[in-house]
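*Asks:* can't give you the sequence, but here's the structure:
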DNA sequence: AATGAATGAGATTTCATTCAT
DNA sequence: CATGAATGAAATCTCATTCAT
């Protein structure tokens, strides 16, 4: 009769947190129920099966939880930017900066995304977001005439790679900011319209 | 009379081929000795252990075999290009075009690289190659002043993503060529020097 | 309400018992998880891995269990004897008599000890015990001037051999007692001081 | 048409030698055909199966070979002794001294004997030899009235243990001789007839 | 809600042996 | 004689999941 809270009883949240930690530390492949149960301080894996329909369910919950955390960090920064180009830059820089705040979540998410492949809503969602962003920017004339889908695919994957490398050995905030700026510059150049007096 | 090449001895090559097919179809995680043996028409997994020192050995042989095949396709195209920019374009276009010729090898290699992570020589080799290419191009004045390492990391990962997506559902040769050109354009723009009459 | 003892939890004890039986019947080399699981009436070997960290863990538990059982039989008999010589005799006779009570445990223990070699605490413990017993007895003048270490090594091994042979085809209690007495006599003579009016 | 030599073609001898080395170094349990073939410089285990009917056959050949070598060392020393007591002493001392000459053979033989158990002719042969020696000595009045079988069993096993320990870490010849003398003393005392002015 | 025991499948690896060449 | 490939069984161990309590 009682309403379920979001993570349903605290145990769910505890397990999700443990799973994220294990994935971040040991990688997706080693993230067995045994390891997660141990990390969560549970004496049996049965508890996990009790709370989650299966492994996919648990992993989906992990993705959702991570997106909640990372969204809270990134969204304000993106929203603060005005214009398509500035938003692209803000997204990239925020994502790189995120590594300094939540390295475990970032590393886990990227590992999850890598192994979930194209089945994941998270992947496809972000991909569609970028594609749409590029298209509307092109319509507004602030982006060049490139293929929006190919660019979205390539640039999000490149972003992930840079972020994953940074998360594996977190550099100081200054270096992190520099890398974010560099990458954003790269992407802004890649997507810029042909400059009026541009090189032939 | 002819000397034995690396993966020869018949069975070894057959097993490597089977492993590549399995990885391409079912993914790295599902590529167990059982599956590979079945794909190769072997009656037991013992045969695989007989020919390879262990799973790592087999996977290394797969990478070597794939690099042989892909190198034979890509290298001439890259060598034919003159100048740093043209070679970057040639590399990207050749890599995308490769999907039409060897989709299974491409898909398998990307999966292998993803799961081998930064331990792989193949990954690090290509990364170093790109980084060096960018640096010498910058010295020659044909690339901009971006961070070579970040760019190499991001662009190779982006290339992999585009290629993997194409390999998952191989499009026709025309479409493939178009995607290759688009991606190469993107990368050429991203790495171009500030144009004389550049954007404000 | 009662605290758990070492091998308790029901299944653990059952598996240990089954392992002891298998080792006694088929020998250490044939004591695979499969055989033990079958003997214990388990449907899979996974259950054994669930209860024990590995084969070494299971075997250690077997040794501990056997030492518990045999200690309960032998210790009172040894403690009842007064003096170094009488205690040596008591140890030997009790060990041989033990065969009549717990043939499987005795046979299993000896096989375990043989294959564990000098790594086993059980072996080294008994060896040190004998050696120390000989030394203090020599200081008290009730044993001769022999090398305590060599004697301990030789006599414990000899005892094991007699016990193992007896356990392989358990004789009646009378015969068993006779063998025990014979062996104790042998050892008492071997360790006796040079008799005053001894033979030349 | 040509008569077979003892070891039939040299290969047999080579394999037997390799097997003895492996058993001495790695132990009976680890002495697989693979390891033996590698030790012998053979490229395949098939060769072993070709020359020997099975594993038992190979092991039996090892025992025979070792007994040949050790017999050549021990037999003259035993034969040189006169009388039952002196021969017992000579056997023990020769066996311990043998460790200094052929440590690998000694260690391998003991491991073989341990694992062959009571099926082995070598074991039973030596046991019968000792038993018979004790009986005839008792008839001659130079040994006491102990149970010949129990004594034979115990003393041969004790001898093996001392020898095995010495073989595991071969001491210098002086120490080896001392241990041999000590052990022989122990056995001579154990088997001596009740002295005229016997124990108090 | 929670526990811990149980299951059955599947993983890699090693083994002794056989067979065609 | 010799090789190297092939086999099938068996080994230990881990996995996700289910179930009775």
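*Replies:* Thanks, I have it. Please read these numbers as outputs of a predicted model, since none were measured by experiment. Residues are numbered from 1 along each chain as shown, chains lettered A, B, ... in the order given.
*Asks:* where does chain A come near DNA strand E, residue by residue?
*Replies:* Contact residues, chain A versus DNA strand E (C-beta under 7 Å from any atom of the strand): A:8, A:9, A:11, A:42, A:43, A:44, A:45, A:46, A:47, A:50, A:51. C-beta here means a position set from N, CA and C on the backbone, and glycine is covered the same way.
*Asks:* are any of these buried, and which?
*Replies:* Among those, those buried by neighbour count (16 or more other C-beta atoms under 10 Å in any protein chain shown) are A:42, A:47, A:51.
*Asks:* can you give me phi and psi for residue A:52?
*Replies:* Torsion angles at residue A:52 (phi, psi; degrees, to the nearest 10) stand at phi -130, psi 140.
*Asks:* circling back to that earlier point, narrow the buried ones among the residues of chain A next to DNA strand E to those in helices?
*Replies:* If you go by DSSP state H, those have A:47, A:51 in helices.
*Asks:* Centre of the chain to the longest helix belonging to chain A, how far?
*Replies:* The longest helix of chain A (DSSP H) is helix A:55-80. Chain-centre distance of helix A:55-80: 7 Å, with C-alpha atoms, centre = their mean, to the nearest Å.
*Asks:* buried ones in it?
*Replies:* A:58-63, A:65-67, A:69-70, A:74, A:77-78.
*Asks:* Near DNA strand F, which residues of chain A are found?
*Replies:* A:30-35, A:44-46, A:48-50, A:54-55.
*Asks:* Averaged pLDDT, stretch A:74-86. What do you get?
*Replies:* Across stretch A:74-86, pLDDT averages out at 97.
*Asks:* Ok, stretch A:21-37 next?
*Replies:* On average, stretch A:21-37 scores 92.
*Asks:* roughly how far is that stretch from the heart of the chain?
*Replies:* Worked out by C-alpha atoms, centre = their mean, stretch A:21-37 lies 18 Å from the chain centre.
*Asks:* From one end of it to the other, what's the distance?
*Replies:* Terminal residues of stretch A:21-37 are spaced 11 Å apart (C-alpha to C-alpha, to the nearest Å).
*Asks:* touching chain B at all, it?
*Replies:* Yes: Stretch A:21-37 reaches chain B (C-beta under 8 Å from any C-beta of the partner chain) through residue A:29.
*Asks:* can you pull the buried residues of that stretch?
*Replies:* Neighbour-count burial for stretch A:21-37 [16+ other C-beta under 10 Å]: A:21, A:22, A:23, A:24, A:27, A:28, A:31, A:33, A:35, A:36, A:37.
*Asks:* again, but for stretch A:164-175
*Replies:* Here stretch A:164-175 shows A:164, A:165, A:166, A:167 as buried, counting by 16+ other C-beta under 10 Å.
*Asks:* So which residues make contact with it?
*Replies:* A:96, A:99, A:100, A:103, A:106, A:107, A:110, A:176, A:179, B:118, B:153 (C-beta atoms under 8 Å, 6 or more residues apart in numbering or on different chains).
*Asks:* switch to 7 Å and redo it
*Replies:* Stretch A:164-175 has contacts (C-beta atoms under 7 Å, 6 or more residues apart in numbering or on different chains) with A:96, A:99, A:100, A:103, A:106, A:107, A:110, A:176, A:179, B:153.
*Asks:* Over to stretch A:96-108?
*Replies:* A:20-21, A:23-24, A:62, A:66, A:69-70, A:73-74, A:162-164, A:166-167, A:170, A:173, A:176-177, A:179-180, A:183.
*Asks:* In helices, which of the residues you listed appear?
*Replies:* Among the contacts of stretch A:96-108, DSSP H puts A:20-21, A:23-24, A:62, A:66, A:69-70, A:73-74, A:162-164, A:166-167, A:173, A:176-177, A:179-180, A:183 in helices.
*Asks:* Tell me the spacing between residue A:135 and residue A:148.
*Replies:* 5 Å (C-beta to C-beta, to the nearest Å).
*Asks:* how about the lowest-mean-pLDDT helix or strand in chain A: buried residues?
*Replies:* Among the helices and strands of chain A, helix A:103-116 carries the lowest confidence by mean pLDDT, DSSP states H and E, at a mean of 89. Across helix A:103-116, burial judged by 16+ other C-beta under 10 Å covers A:103-116.
*Asks:* what angle separates that helix from helix B:103-116?
*Replies:* 160 degrees (axes from the mean of the first three to the mean of the last three C-alpha atoms, to 10 degrees).
*Asks:* after helix A:103-116 comes which helix or strand?
*Replies:* Sequence-wise, the next helix or strand downstream of helix A:103-116 (DSSP states H and E) is helix A:121-139.
*Asks:* residues in contact with residue A:27?
*Replies:* Counted by C-beta under 7 Å, 6+ apart, residue A:27 has contacts residue A:111.
*Asks:* any idea how far it lies from DNA strand F?
*Replies:* 12 Å (C-beta to the nearest atom of the strand, to the nearest Å).
*Asks:* and that residue, how far is that from residue B:107?
*Replies:* From residue A:27 to residue B:107 the distance is 21 Å (C-beta to C-beta).
*Asks:* Thank you kindly, that will do.
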